[in-house]
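Peer 1: I would like the atomic coordinates for the input below:
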Amino acid sequence: MGTASCESIIQRYESLPEAAKREISDFIDLLIQKRKPRRKKIDKKKLLQISCWNDEDIKAIEEVGKEINKWNLETF
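Peer 2: Alright, predicted model coming up:
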């Protein structure tokens with residue numbers, strides 16, 4: 001987009017009522033938000049590639065997780 005186009009957009013924006021300016025601002029925020037990269041889940045293979053954990057370590061953690069899930073928590 002050239003300088004003239006930016007100036008043209010600014011002039012048209014400035015001629016709008018405040019409600020329309022807020023709507024444009026919200027739309028720009030929406031476009032920016034759509035561009036943000038989303039975090040990807042790290043799977044077990046990737047985790048093993050970036051850490052010093054082995055299959056036995058992971059298995060031990062999974063087993064503890066299973067035991068924790070069996071707990072009966074008191075509800076109030």
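Peer 1: element containing Asp29, please.
Peer 2: helix 18-35 (DSSP states H and E).
Peer 1: so how far is the helix or strand bottoming out on mean pLDDT in the chain from its chain's centroid?
Peer 2: The weakest-scoring helix or strand in the chain, judged by mean pLDDT, DSSP states H and E, is helix 44-50 (a mean of 71). Helix 44-50 sits 21 Å away from the centroid of its parent chain (CA atoms, centre = their mean, to the nearest Å).
Peer 1: helix or strand next in line after it, which one?
Peer 2: Past helix 44-50, the next helix or strand by DSSP H and E is helix 55-69.
Peer 1: give the rounded mean pLDDT of that following helix.
Peer 2: Per-residue pLDDT over helix 55-69 has a mean of 90.
Peer 1: what about dumping the CA coordinates of it to PDB?
Peer 2: Below are the C-alpha coordinates for helix 55-69, written out as PDB (Å, rounded to 0.1, in the frame of the first residue of the first chain):
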ATOM      1  CA  ASP A  55      10.200 -43.600  28.400                       C
ATOM      2  CA  GLU A  56      10.500 -44.900  31.900                       C
ATOM      3  CA  ASP A  57      10.300 -41.300  33.400                       C
ATOM      4  CA  ILE A  58       7.200 -40.600  31.300                       C
ATOM      5  CA  LYS A  59       5.600 -43.900  32.300                       C
ATOM      6  CA  ALA A  60       6.200 -43.100  36.000                       C
ATOM      7  CA  ILE A  61       4.600 -39.700  35.700                       C
ATOM      8  CA  GLU A  62       1.600 -41.200  33.800                       C
ATOM      9  CA  GLU A  63       1.200 -43.800  36.600                       C
ATOM     10  CA  VAL A  64       1.200 -41.200  39.300                       C
ATOM     11  CA  GLY A  65      -1.400 -39.200  37.200                       C
ATOM     12  CA  LYS A  66      -3.600 -42.300  37.100                       C
ATOM     13  CA  GLU A  67      -3.400 -42.800  40.900                       C
ATOM     14  CA  ILE A  68      -4.200 -39.100  41.500                       C
ATOM     15  CA  ASN A  69      -7.200 -39.400  39.200                       C
END
